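Build me a structure from this.
(one chain, ligands or ions: 1)
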Amino acid sequence: MARGQGTTLFRICISKNNVSRIRFLSSNRYFHSGRQFEKSVWERDNSSPTFDVPKREFSTSLIDLVGVHLASKGTNFTEFNHVNTRLFSSSRKKVNFVDDGSASLSEMELEENDSLSSEESVDDDGIGDNFDGYNKNDIFDSNMIESEGNNDGVNSSDSSRFLRVSTRDPVELYRELSNAEKGAKQKRSDWEVLLEVFRFFSNSGWAVNQALAIYIGRSFFPTAVSKFRSFFFKKCPDEVAKYLVWLGPSDEAVKFLFPIFVEFCLEEHPDEVKRFKEMVDSADLTKPHTWFPFARAMKRKIIYHVGPTNSGKTYNALQRFMEAKKGIYCSPLRLLAMEVFDKVNANGVYCSLLTGQEKKRVPFSNHIACTVEMVSADELYDVAVIDEIQMMGDPYRGFAWTRALLGVMADEIHLCGDPSVLDIVRKICSETGDELHEQHYERFKPLVVEAKSLLGDLQNVRSGDCVVAFSRREIFEVKLAIEKQTNHRCCVVYGALPPETRRQQANLFNDQDNEFDVLVASDAVGMGLNLNIRRVVFFNLSKYNGDKIVPVPASQVKQIAGRAGRRGSIYPDGLTTTLHLDDLDYLIECLKHPFEPVKKVGLFPFFEQVELFAGQFSDVTLAQLLEKFRENCRLDGSYFLCKHEHIKKVANLLEKVQGLSLEDRFNFSFAPVNIRDPKAMYHLLRFASSYSENIAVSIAMGMPKGSAKSDAELLDLETKHQVLSMYLWLSNQFRGDFFPHVKKAEEMAGSIADLLGQSLADASWKPESRPAAKPKPQEKKDGYERPRSLIKSYEK
Ligand SMILES: Nc1ncnc2c1ncn2[C@@H]1O[C@H](COP(=O)(O)OP(=O)(O)OP(=O)(O)O)[C@@H](O)[C@H]1O
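Modelled structure (predicted):
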């Protein structure tokens, strides 16, 4: 298959066996038909400006060009489906484009048209009050006295003239303007009103959005308006000017001018329009379900197990998984993939394990437990399970769930999760043609809130409690305090710990025959671990979101609180409360809060899409490319582009490395690295440098001598494990011969995970922060960062 066949072409990259590696090539015609464009909404999520083109509300001569009959003049454009088929071949003016996507006229044209004298102002809208080589005196008649006319007073001859102007076909009107030798002179006051009208036009969000529909980009829009204004003032007949003056700076004026503006741009700036169209087309993420033609060729049955935590969703889905001849389980975490791998094998069903870091092939296995990013879209399965499906809405990783749902080839797909993405899954199924069944669940036993709280005193902690805090520092402070003030010993779970260590800590906590009977954990406890928790106590209910301290979202509070009480454990009844009475209202509020429907789910371009887009530019870094992609990508209304600041950060770091292909850079940028850990970043840089020089990548890191005796040593162990984990991840992404020390890395990682476990059991030091860690969020008192009441900020 080759490009340019006028149809979407796919090939699946067999060497890299996962959904994220599906290759696709698309012809513009397929992806960008006018019809599709009409229905789709160009959008961005909150982090990016809106790119919203609901429908066209104007007509242009394009309609004549493509032979679509226009029933009424100057009216609605919504029936017009073929705007993209216009040819953009004629080039009347030489336009140079700068890399940032804005257009600049060549110097000669600037002299001719755009130069502003020193007295001339440029307004906020970027449009000066003077026009291209045009003398004010030509457009207003200084001899006319102000009182001669009254803008507000409209006599009957005016109104019939205005009616005539307002109903004119904008195409004809544009032609007339274009052919006119000279426009009518205007008196000064009218001229000033006209300036205001154009300023209003330039600042109109509606016009900016509508302009996008004919591929006039935001960056070019002000220039285009400026040129249009000059053109208009040079050519404008008196009655049109008068009509505009009468309308004044208003939406009506904008709507009147817009179709004429469109004609002007298409005639005068076809190159700019074409260039922007090509750029937008190459950043097209609309209709993602069409990226997976093999899955689309199937009639899949989708069973959505909808319910809160501890309601048996995953259990039931896994039963079907184990009964199937061939199945895949897609997990949000390595930890959970490992749990399922162990559990399924223990039940006598051979199952392999596949995560970014490890491939454990069990002989004769037809089942696989993998992390969601690794799900294969080129294998046929009888049953697939996608766990925690609500993570489709995750701002960073959501795209992996979206791809899995759209792309996995299984006759039966079980989705497990809360109801927040139910509506969107329904919508997706109606697009894909899959058959959707919903199974609703309730918690086995209701979760009970303890109204008393711990009254701010950690001495009230009891056996079987899990105290949840949202930073590493707080976790260690709480552990230290509990162990000092009570006879309890604490296990610890937080995100930066390797899955093996988290499991080891969970086992220590679950085991009733030791002194470790309290768990202190971060939100990492919310998923993946089998824990015997009697009561979840929130140390606080705010957390740092990478930017500022925010209340923990209700859905997350529910997920974490829901870990208390587990069917089959020694604590089947679950309790939850807060350390401080102040936070209790917020907790109750969260638990009562219905699951909010997620409106949009995540997407991220495949490398091939980024590569296609890269063809529009020369000399941009990967980070700049991703930023441009973000600015220009087109998405359907149900999708957002996942956040990727961390990827850009890594990409920027790797700019120092010469000789990496764009694909290598792209893949390296996805490496699992803590971007706030300079040591880990240093090692990633080193790995990439060796790789780019065709040198086998060494681990170059010694084994620690023993378990950590201080927080700094613990941090060092965490970093070391992360570096090894990164090495293993890279060895699965790139050719194995570049990463010859996989075995050694695995052994070292295993030993460090054990050391971390030992260190945590003994940890009794004050926590330190990593360099460049987050600013201290709250006032300190009694050695703790005290939670503030969140109910108010929640209400806000
Ligand atoms: N029918 C059953 N028989 C025996 N045990 C069950 C059954 N259903 C669920 N369980 C057990 O109940 C616990 C909770 O079930 P499960 O993990 O499926 O819940 P869930 O709704 O998926 O919650 P979460 O999202 O927290 O995992 C598990 O320990 C599971 O083994």
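
Counting neighbours, what do you get for Pro572?
Counted with other C-beta atoms under 10 Å, residues neighbouring Pro572 total 14. Bear in mind the C-beta positions are built from the backbone N, C-alpha and C, glycine included.

Is it in a helix, a strand, or coil?
coil (DSSP: H, G, I helix; E, B strand; the rest coil).

pretty sure it is touching Pro446, no?
No: Pro572 lies out of contact with Pro446 (C-beta atoms under 8 Å); the separation is 11.4 Å.

which residues are in contact with stretch 332-339?
Here stretch 332-339 makes contact (C-beta atoms under 8 Å, 6 or more residues apart in numbering) with 329, 331, 353-358, 369-372, 387-388, 391, 397, 499, 502-503, 527-530.

Pull out the buried positions in it.
For stretch 332-339, the neighbour count (16 or more other C-beta atoms under 10 Å) marks 332-339 as buried.

Take the residues you listed and keep only those in strands.
Among those, no residue falls in strands (DSSP state E).

Quick test: name the residue nearest the centre of the protein.
By C-alpha atoms, centre = their mean, the chain has its centre lying nearest to Cys642, at 1.5 Å.

Now do the SS call for the closest residue to the ligand within the stretch 351-500 of the chain.
Residue nearest to the ligand within the stretch 351-500 of the chain: Cys416 (5.6 Å; C-beta to the nearest ligand atom). What three-state DSSP gives for Cys416 is strand.

what are the ranges of the helices in the stretch 601-750 of the chain?
For the stretch 601-750 of the chain, the helices defined by DSSP state H, counting those that start in this stretch cover 607-614, 622-632, 645-654, 662-669, 678-692, 711-733, 742-762.

Reformat these into CSV and put distance to Asp411 next to each item.
Output for the helices of the stretch 601-750 of the chain, formatted as CSV (distance: least, C-beta to C-beta, whole Å):
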stretch, distance to Asp411
helix 607-614, 28
helix 622-632, 35
helix 645-654, 35
helix 662-669, 32
helix 678-692, 40
helix 711-733, 28
helix 742-762, 35
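
okay if I get these as JSON lines plus distance to the ligand and mean neighbour count?
Formatted as JSON lines, the helices of the stretch 601-750 of the chain follow (distance: least, C-beta to the nearest ligand atom, whole Å; neighbours: other C-beta atoms under 10 Å):
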{"stretch": "helix 607-614", "distance to the ligand": "32", "mean neighbour count": "20"}
{"stretch": "helix 622-632", "distance to the ligand": "32", "mean neighbour count": "20"}
{"stretch": "helix 645-654", "distance to the ligand": "26", "mean neighbour count": "19"}
{"stretch": "helix 662-669", "distance to the ligand": "31", "mean neighbour count": "19"}
{"stretch": "helix 678-692", "distance to the ligand": "30", "mean neighbour count": "19"}
{"stretch": "helix 711-733", "distance to the ligand": "24", "mean neighbour count": "22"}
{"stretch": "helix 742-762", "distance to the ligand": "23", "mean neighbour count": "19"}
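
Which among those is found nearest to Asp251?
The minimum distance between Asp251 and the helices of the stretch 601-750 of the chain falls on helix 622-632, with 26.6 Å, by C-beta to C-beta.

pLDDT on that closest one, on average?
Regarding helix 622-632, the rounded mean pLDDT is 91.

Pull the distance from it to the chain's centre.
Helix 622-632 sits 13 Å away from the centroid of its parent chain (C-alpha atoms, centre = their mean, to the nearest Å).

related to what we said a few turns ago, so who does the residue nearest to the centre of the chain touch?
394-399, 602-604.

hang on, the earlier thing: quick check: bridge partners of the residue of the stretch 351-500 of the chain closest to the ligand?
His305 (DSSP bridges).

so who does it touch?
305, 313-314, 317, 385-389.

how about 7 Å then?
With contacts defined as C-beta atoms under 7 Å, 6 or more residues apart in numbering, the neighbours of Cys416 are 305, 313-314, 317, 385, 387-389.

from the residues you listed, which are also near the ligand?
313-314 (C-beta under 6 Å from any ligand atom).

Now do the helices in the stretch 401-550 of the chain.
All helices of the stretch 401-550 of the chain, identified by DSSP H, counting those that start in this stretch, fall at 422-432, 472-485, 499-510.

pLDDT wise, what is the residue of the stretch 501-650 of the chain found nearest the ligand at?
Closest to the ligand within the stretch 501-650 of the chain is Arg567: 3.4 Å, counting by C-beta to the nearest ligand atom. With respect to pLDDT, Arg567 scores 85.

Pull the number of nearby residues for Pro425.
Just so we're on the same page, residue 425 is Val rather than Pro. 24.

Likewise for the one 10 residues further on?
A total of 12 residues lie near Glu435 under the criterion other C-beta under 10 Å.

Report the separation between it and Trp765.
Noted for Glu435: a distance of 56 Å to Trp765, by C-beta to C-beta, to the nearest Å.

where in the stretch 651-796 of the chain is pLDDT low?
For the stretch 651-796 of the chain, the stretches with pLDDT under 70 are 768-796.

separation between Tyr586 and Val208?
Distance from Tyr586 to Val208, by C-beta to C-beta: 40 Å.

Enumerate the residues of the protein near the ligand.
Contacts of the chain with the ligand, taken as C-beta under 6 Å from any ligand atom, map to 307, 309-315, 416, 566-568.

re earlier: next, the residue nearest to the residue of the stretch 501-650 of the chain closest to the ligand when sequence neighbours are not counted: phi, psi?
Spatial nearest neighbour of Arg567, excluding adjacent residues (C-beta to C-beta, 6 or more residues apart in numbering): Phe444 at 4.6 Å. Dihedral angles of Phe444 (phi, psi; degrees, to the nearest 10) stand at phi -60, psi -40.

And the buried residues of stretch 332-339, which is closest to the ligand?
Distance to the ligand across those (C-beta to the nearest ligand atom) is lowest for Leu336, with 8.6 Å.

per-residue confidence at that closest one?
The per-residue pLDDT reported for Leu336 equals 91.

Without its sequence neighbours, what residue ends up closest to Glu718?
Nearest one to Glu718, counting by C-beta to C-beta, 6+ apart, is Ala496 at 5.2 Å.

For that neighbour, what are phi and psi?
According to degrees, to the nearest 10, Ala496 has phi -80, psi -10.

Give me the neighbour count for it.
19.

now the one 10 residues further on
The burial count assigned to Ala506 is 22, neighbours taken as other C-beta under 10 Å.
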